[in-house]
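[1] output the structure for:
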Amino acid sequence: MIPSPIATGSARGRSAALLGVAALLFVVALPSAVLAGNGMPASDQDGAPGETLTLYAGNSPSFVQPPAAPAQVDRAAALGQKLTATSTISVTYHGFSAQAKLAFQAAVDVWQSIIVSSQVIHVDAHWTDLGASTGILGQAGSTAEYNGGDGFWYAAALAEARCSCEVNSGAEIEADFNSAFSHWYLGTHGNVPSSQYDFETVVLHELGHGLGFYSSFNVDRSSGDLGRDAAHELRFDANEWDAATGGNLMTSYANNSSALESQLTDGSVFLGGTHVETVLGKRAKLYAPNPWQEGSSNSHLDESKYAPFTVNALMTPILYNGESIHDPGPATKAIFQDIGWAIAGASTDTTPPSLGTPKVNLVAPQVMHASVSVRVSWPDASDPSGIASYELQWQQGAGPWTGVPLAAPTSTSAQVAATRGSNGTFRVRATDGASNTGSWSTTPTASVSTVQETSGTVAYSGTWAHSRLSGSTGRFVQRSSSTNATATFSFNGTSVALVTSKAAARGVAQITLDGTDVGTVDLYATSKKTRKVAWASDAALAPGSHTLVIRVTGTKNSSSIDARIDIDAFLVWP
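    Residues are numbered from 1 along each chain as shown. Here you go, the predicted structure:
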């Protein structure tokens with residue numbers, strides 16, 4: 001599929017690598033422009049390429065003693081050989097000295113030997129005066145993002161790599177570096193004096209952002225938001241969690257909310273994904289300070305977790321004087337795989353993921369109408385490249401297949417309103433991190449059946465009365481206030497639910513399924529409520545015969561005036 005460009009949104013500015021009081025702070029590269037529907041760049045209001053940010057400006061750098069650390073990370077030197085290119089990054093240089101150009105190219109050579117792409121990645125690079133006292137060392141960013149056709153958006157270079165097609169006209173990455181800064185180290189072997197900052201490391205870091213290592217989450221006036229809008233969710237965004245294990249996806253929080261702002265600035269934002277979790281044994285911790293640091297927060301690995309001079313430190317927000325890192329490191333390369341890049345030397349996954357048959361469950365509580373909610377769920381698919389997304393569809397009768405929205409791309413369940421008595425079929429498939437899409441896994445065609453309280457499949461024990469009740473399914477219910485009176489429903493199916501009434505004169509019912517006590521249901525309510533689906537089996541049952549028992553316990557809510565239980569109907573999914 002050929003990606004389509006972003007059609008809405010506004011420029012958020014290219015990032016700046018910033019000189020701090022005692023260290024260099026990087027700021028993430030964000031697209032300097034988004035593309036309009038005609039495929040042409042949509043400029044800022046003043047036509048500028050984007051804003052430049054300065055957090056810690058000073059007239060001169062202040063050098064610190066680097067922390068004790070292992071030797072510098074120099075990829076080329078470690079390999080002891082010329083790097084083998086698996087992609088082509090073509091740089092158009094403007095104003096660079098021969099030495100600066102060599103250092104820039106050294107960073108390019110590293111990335112060319114890591115990422116895999118059949119498309120030329122064009123970088124427009126300027127060696128220009130950004131001010132001797134601004135504290136700005138450089139800025140770089142992806143020029144655009146594109147819809148990958150899988151529910152996610154991708155930086156221009158990554159979008160072209162994924163589709164093996166050219167969709168972006170001009171450069172995919174733009175970069176400026178400060179020629180006025182007087183403390184650059186322009187060598188390429190990592191032997192950086194403690195009085196200088198390694199230019200190759202800065203370029204390597206910024207190109208990493210331009211290639212897609214960034215989030216579109218943002219905080220503005222105590223409100224967190226998903227970058228441009230939720231319809232333009234980056235693959236990076238979709239992998240972010242609010243906890244190291246378990247927890248919730250960051251995309252599950254309401255957009256433009258204080259709740260999202262709180263999560264983005266509490267120091268607990270983690271990047272998940274099959275590859276990074278395999279490399280680290282857990283999710284990667286992201287930089288999430290309070291207050292929010294525009295352009296830096298949420299788009300770097302955490303500095304305290306991945307210490308300076310160590311193997312995974314390239315994409316942290318701070319670079320020390322004397323520090324050089326000439327390899328992205330295993331965590332960053334794994335993250336690149338999780339956001340859609342093919343990585344040289346990594347196993348190539350060409351096998352589509354497969355899924356087991358989805359299950360269908362009735363859900364409670366709800367009110368029974370002509371249609372009722374059912375939950376369709378399926379097991380997690382496993383795949384060497386990880387699962388990028390699932391797609392769920394359903395068909396009513398002989399009608400067309402219709403897509404069912406998921407709460408998140410990797411959600412493994414969804415609720416659907418199914419018409420009672422009308423046949424329905426569900427199917428789901430998975431797409432892995434290498435863009436392989438598996439075949440559909442389909443449920444048997446079935447429908448929600450309604451069994452009235454007078455059916456011969458329902459046996460009553462104890463004292464029950466058949467009473468008219470306005471608003472009930474068939475205008476009548478079986479009712480009892482007699483302790484230990486039971487209604488036993490025998491059925492064939494994989495899910496079952498109780499339809500009853502709630503009111504001020506209702507008690508507590510005990511539910512037993514196939515001989516196992518599965519809990520109680522309090523049917524008290526301040527006003528009468530009919531056709532209430534008050535209980536449903538919470539897991540798909542094995543196909544075949546089952547027995548559901550509803551017992552009057554004789555107990556009630558302290559506000560209730562009676563322990564009465566009504567049997568209105570039962571719902572069954574075959």
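
[2] show me where pLDDT drops low in the stretch 401-550 of the chain?
    Across the stretch 401-550 of the chain, the ranges flagged by pLDDT under 70 are 433-434.

[3] so which residues of the stretch 251-400 of the chain form helices?
    Taking DSSP state H, counting those that start in this stretch, the helices of the stretch 251-400 of the chain run over residues 258-264, 274-280, 330-338.

[4] highest mean neighbour count across the ones you listed, which stretch is it?
    Among those, ranked by average contacts under mean count of other Cβ atoms under 10 Å, first place goes to helix 330-338 (a mean of 23). (Each C-beta comes from the backbone N, C-alpha and C, glycine too.)

[5] now do it, average pLDDT.
    The pLDDT scores in helix 330-338 average 94.

[6] got it, and stretch 142-153?
    Averaged over stretch 142-153, pLDDT sits at 89.

[7] just the endpoints, please. Distance across it?
    One end of stretch 142-153 sits 12 Å from the other (Cα to Cα, to the nearest Å).

[8] tell me the contacts of residue 316?
    26, 287, 300, 301, 302, 303, 306, 308 (Cβ atoms under 8 Å, 6 or more residues apart in numbering).

[9] buried among those? Need that as a selection in PyMOL.
    For the buried members of these, the matching PyMOL selection, counting by 16 or more other Cβ atoms under 10 Å, is:
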select buried, resi 26+287+300+301+302+303+306+308
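
[10] between the contacts of residue 316, which is nearest residue 555?
    The nearest member of those to residue 555, counting by Cβ to Cβ, is residue 302 at 52.7 Å.

[11] and the closest one, what pLDDT?
    Turning to residue 302, the model gives it a pLDDT of 95.

[12] that one contacts residue 296, doesn't it?
    No - using Cβ atoms under 8 Å, residue 302 is not in contact with residue 296, being 11.5 Å away.

[13] got any residues that touch both of the two?
    residue 287.

[14] residue 282: how many residues sit nearby?
    Using other Cβ atoms under 10 Å, the number of residues around residue 282 comes to 12.

[15] residue 271 versus the residue nearest to it when sequence neighbours are not counted, what's the distance?
    The shortest distance from residue 282 to any residue other than its chain neighbours is 6.0 Å, reached at residue 244 (Cβ to Cβ, 6 or more residues apart in numbering). Look at residue 244 and residue 271: by Cβ to Cβ, to the nearest Å, they are 11 Å apart.

[16] what do these two both touch?
    Common neighbours of residue 244 and residue 271 (Cβ under 8 Å, 6+ apart) are 283, 285.

[17] about what we covered before: make TSV from the contacts of residue 316 and add distance to residue 119 to it.
    Shown next, in TSV, are the contacts of residue 316 (distance: Cβ to Cβ, whole Å):
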residue	distance to residue 119
26	26
287	30
300	27
301	27
302	32
303	33
306	31
308	34
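
[18] tell me the one of the contacts of residue 316 nearest residue 520?
    Checking the contacts of residue 316 against residue 520 with Cβ to Cβ, the nearest one is residue 302 at 46.4 Å.

[19] show me the contact partners of stretch 378-385.
    Contacts with stretch 378-385, where a contact means Cβ under 8 Å, 6+ apart, come from 274-275, 337, 347, 349, 351, 353-359, 387, 390, 412-413, 428, 430, 432-434, 436, 438, 441.

[20] repeat that for 7 Å
    Applying Cβ atoms under 7 Å, 6 or more residues apart in numbering, the external contacts of stretch 378-385 come out as 274, 347, 349, 353-356, 358, 387, 412, 428, 430, 432-434.

[21] ok, residue 185 - contacts?
    Counting by Cβ under 7 Å, 6+ apart, residue 185 has contacts 192, 193, 196, 197, 198, 199.

[22] so how far is residue 498 from the residue nearest to the spatial centre of the chain?
    The centroid of the chain falls nearest to residue 238 when counting by Cα atoms, centre = their mean (2.0 Å). Computed with Cβ to Cβ, the distance linking residue 238 and residue 498 is 38 Å.

[23] and what of residue 375?
    In terms of Cβ to Cβ, residue 375 sits 16 Å off from residue 498.

[24] the more surrounded of the two?
    Between residue 375 and residue 498, counted using other Cβ under 10 Å, the more crowded position is residue 498 (27 against 17).

[25] for the more buried one, which non-adjacent residue is closest in space?
    Closest residue to residue 498 apart from its sequence neighbours, by Cβ to Cβ, 6+ apart: residue 535 at 4.7 Å.

[26] go on, residue 529?
    Closest to residue 529 by Cβ to Cβ, 6+ apart is residue 502, at 4.3 Å.

[27] now tell me what touches stretch 439-453 from outside.
    352, 355-358, 360, 372, 374, 418, 420-429, 457, 473-474, 477-478, 567-574.

[28] just the buried members of those?
    Among the contacts of stretch 439-453, the ones that count as buried by 16+ other Cβ under 10 Å are 352, 355, 358, 360, 372, 374, 418, 424-429, 473, 477-478, 567-573.

[29] tell me which of those residues fall in strands.
    When DSSP state E is applied, the buried ones among the contacts of stretch 439-453 are split such that 360, 372, 374, 418, 424-429, 477-478, 567, 569-573 fall in strands.

[30] for the stretch 401-550 of the chain, what spans make up the helices?
    With DSSP H, counting those that start in this stretch, there are no helices along the stretch 401-550 of the chain.

[31] just the strands in it please.
    402-404, 413-419, 424-432, 441-442, 449-452, 458-461, 465-468, 476-480, 486-492, 495-502, 508-513, 516-522, 529-536, 545-552 (DSSP state E, counting those that start in this stretch).

[32] then the stretch 201-350 of the chain?
    Going by DSSP E, counting those that start in this stretch, the stretch 201-350 of the chain shows strands at 217-220, 223-226, 240-241, 270-271, 284-285, 318-319, 342-343.

[33] any idea which of these has the lowest pLDDT on average?
    For those, mean pLDDT drops lowest on strand 223-226, to a mean of 70.

[34] same for it, what does it pack against?
    Judged by 3 or more Cβ pairs under 7 Å, 6 or more residues apart in numbering; DSSP states H and E, strand 223-226 is in contact with strand 217-220, helix 258-264.

[35] got the buried residues for the first one?
    Residues of strand 217-220 classed as buried: 217, 218, 219 (neighbour count, 16+ other Cβ under 10 Å).

[36] identify the residues contacting the closest residue to the second one other than its chain neighbours.
    Right, residue 218. Leaving aside its chain neighbours, residue 218 sits nearest to residue 225 (5.4 Å; criterion: Cβ to Cβ, 6+ apart). Residues near residue 225 by Cβ under 7 Å, 6+ apart: 218, 255, 256, 260.

[37] residues touching residue 488, list them.
    The neighbourhood of residue 488, defined by Cβ under 7 Å, 6+ apart, consists of 459, 547, 549.

[38] what is the burial count for the last one?
    Spelled out, that is residue 549. There are 19 residues near residue 549, going by other Cβ under 10 Å.

[39] got the contact list for the closest residue to it other than its chain neighbours?
    Leaving aside its chain neighbours, residue 549 sits nearest to residue 512 (4.2 Å; criterion: Cβ to Cβ, 6+ apart). Counting by Cβ under 7 Å, 6+ apart, residue 512 touches 518, 549, 551.

[40] 10 Å instead?
    486, 488, 518, 519, 547, 548, 549, 550, 551 (Cβ atoms under 10 Å, 6 or more residues apart in numbering).

[41] cool, thanks, talk later.
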